[in-house]
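Trainee: sequence first, then the predicted structure, then my questions.
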Amino acid sequence: MRIDVVTIFPGYLAPLREALLGRAVGTGLLDIAVHDLRDWTHDVHQAVDDAPYGGGPGMVMRPHVWGEALDDVLAADPRPARLVVPTPAGRPFTQAAAHAYAAQERLVFACGRYEGIDQRVVDHYAASMPVDEISIGDYVLVGGEVAVLVVVEAVARLLPGVLGNPRSAAEDSFSDGLLEGPAYTRPEVWRGHAVPEVLRSGNHGAIARWRRDRALERTAERRPDLIAALPPDALDEADRAL
Ligand SMILES: COC(=O)c1cc2cc(CO)sc2[nH]1
């Protein structure tokens, strides 16, 4: 997979070169290119924003700079691409979306700043390619860069070979619609807190049941919306008895 990121703060994307993602880039599983939007400005001030039509606070990112940048970035690789634009007004980014993105050959991220990017940029490219305006949560960041870090990590970890242990991607939170339950490791007792007995019993059936019960309890307590969204056949008799 190839990922391009266009931003006025390329340094914000440096974490993509670290650790797990850094190794994926190094082994060729993932190809990441970060581009400075200001490279496509032609004025001495390298202006990328201007006052909003209709008035209002803040500034809006100018369409012509984005158009030149995205035209060049898209032309640099023949693979079909999906344009992803993080914005507080976007559709929620979910684990399902991460799986859908992981199946793409190429993702191009446009990082907005200020009050966002002139809407005509999204409208223009949407006529010739898939364009997603996405949000990573119900809060507002200062720009799209942090959202890109979140999305790239969520997607890259699903790519075969990126994670050391492929099972963990299949068994992580949300894969069965529930939150992960608590996890423990050595020592057996830490500051007077003992690891739940069942986990040391070697009884795999009881362990699986205990883990399912903890996941259901935690999900019901923290994310009742996920319980409500479960398909009718998702809960068995033992689940319902909880
Ligand atoms: C959860 O927040 C986001 O995903 C988010 C993306 C962007 C882009 C901004 C500048 O246009 S502010 C902002 N917030």
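Mentor: Yes, it's here.
Trainee: distance between the ends of stretch 232-242?
Mentor: End-to-end span of stretch 232-242 (CA to CA, to the nearest Å): 16 Å.
Trainee: got the phi and psi for residue 134?
Mentor: For residue 134, the backbone dihedrals are phi -130, psi 150 (criterion: degrees, to the nearest 10).
Trainee: quick check: the residue nearest to it when sequence neighbours are not counted vs residue 147, distance?
Mentor: The shortest distance from residue 134 to any non-neighbouring residue, by CB to CB, 6 or more residues apart in numbering, is to residue 90 (4.1 Å). Bear in mind the C-beta positions are built from the backbone N, C-alpha and C, glycine included. Plainly put, residue 90 is 9 Å away from residue 147 if you go by CB to CB, to the nearest Å.
Trainee: next, show the common contact partners of these two.
Mentor: 134, 135 (CB atoms under 8 Å, 6 or more residues apart in numbering).
Trainee: so which of these two has more stuff around it?
Mentor: Legend: neighbour count by other CB atoms under 10 Å for residue 90 and residue 147, higher for residue 147 (24 against 16).
Trainee: surely the more buried one touches residue 88?
Mentor: No: judged on CB atoms under 8 Å, residue 147 makes no contact with residue 88 at a distance of 9.3 Å.
Trainee: where do the contact lists of the two overlap?
Mentor: Counting by CB under 8 Å, 6+ apart, the residues touching both residue 147 and residue 88 are 135, 141.
Trainee: picking up where we left off before, what about the residue nearest to residue 134, which SS state?
Mentor: Assigned with DSSP: H, G, I helix; E, B strand; the rest coil, residue 90 falls in the strand class.
Trainee: residues contacting it?
Mentor: 132, 133, 134, 135.
Trainee: now do the SS call for the residue most central in space within the chain.
Mentor: Of all residues in the chain, the one closest to the mean position by CA atoms, centre = their mean is residue 151, 2.0 Å from it. Of the three states, residue 151 takes helix according to three-state DSSP.
Trainee: identify the residue nearest it in space, chain neighbours excluded?
Mentor: Nearest in space to residue 151, with sequence neighbours left out and distances taken as CB to CB, 6+ apart, is residue 93 at 6.0 Å.
Trainee: with adjacent residues omitted, what lies nearest to the residue of the chain found nearest the ligand?
Mentor: For the chain and the ligand, the shortest gap (CB to the nearest ligand atom) falls at residue 112, measuring 2.9 Å. Closest residue in space to residue 112, ignoring its immediate chain neighbours: residue 144 at 4.8 Å, by CB to CB, 6+ apart.
Trainee: what is the burial count for the one you found?
Mentor: By the criterion of other CB under 10 Å, residue 144 has 30 neighbours.
Trainee: how is this protein divided into domains?
Mentor: Split into domains by automatic domain parsing, the chain comes to 2-156, 171-241.
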